[in-house]
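Colleague: 3D model of this:
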Amino acid sequence: MRKNLQKRKKVFKEKLKEKGEELRQLQEEKIEAEIKQFVEEKKKEGKLLPKYEADVVTFMKELKKQGKTVNFSEGKEKNMYEWFKEFVDALPVQVPSGEVGKGEIIKDPIEKRVF
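Modeller: Modelled structure (predicted):
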């Protein structure tokens, strides 16, 4: 009887560990999908260049995983992941998108330079 209980307890612990691992994997996949969607949106808006896409996804996943906060001079504590999302969202357009006709002037949104 005692051996049977110990065996069942061991099986239960193994299943619990397995389910915990499955849950962790699903959570990581969900986070990665959310980050990729965010980065893709910012790329379409022209705020992130395609060459930085993979690095930004990796960086954001690590920020999310760490869950650290940072204190700013205003005395406000902010989650680093959320702060970075706000930072990227506030970036100006890096490269104008859309069609540009021959002889058309493209203005730089940062410094209003004409190319």
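Colleague: from Glu22, how far off is the most centrally placed residue in the chain?
Modeller: Residue closest to the mean C-alpha point of the chain, counted by CA atoms, centre = their mean, is Ile35 at 3.3 Å. In this structure, Ile35 lies at 21 Å from Glu22, with CB to CB, to the nearest Å as the measure. (C-beta placed from N, C-alpha, C; glycine too.)
Colleague: now swap in Asn71 and tell me
Modeller: Applying CB to CB, the value for Asn71 to Glu22 is 36 Å.
Colleague: name the single longest helix found in this protein.
Modeller: When the chain is scanned for its longest helix (criterion: DSSP state H), the result is helix 2-44.
Colleague: and stretch 32-49, which residues are buried?
Modeller: Buried positions in stretch 32-49, judged by neighbour count with 16 or more other CB atoms under 10 Å: 35-36, 38-39, 42-43, 46-48.
Colleague: residues contacting that stretch, please?
Modeller: Around stretch 32-49, the neighbours that count as contacts under CB atoms under 8 Å, 6 or more residues apart in numbering are 50, 53, 56-57, 60-61, 64, 85, 88-89, 91-97.
Colleague: and if we set it to 6 Å?
Modeller: 53, 56-57, 60-61, 88, 91, 93-95, 97 (CB atoms under 6 Å, 6 or more residues apart in numbering).
Colleague: tell me the buried residues within these.
Modeller: If you count burial by 16+ other CB under 10 Å, the buried members of the contacts of stretch 32-49 come out as 56-57, 60-61, 88, 94.
Colleague: turn the buried residues of stretch 32-49 into a markdown table, including pLDDT and distance to Glu18.
Modeller: Listed next are the buried residues of stretch 32-49 as a markdown table, based on pLDDT from 0 to 100; distance: CB to CB, whole Å:
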| residue | pLDDT | distance to Glu18 |
| --- | --- | --- |
| Ile35 | 97 | 26 |
| Lys36 | 97 | 27 |
| Phe38 | 97 | 31 |
| Val39 | 97 | 32 |
| Lys42 | 95 | 37 |
| Lys43 | 93 | 37 |
| Gly46 | 90 | 44 |
| Lys47 | 93 | 41 |
| Leu48 | 93 | 38 |
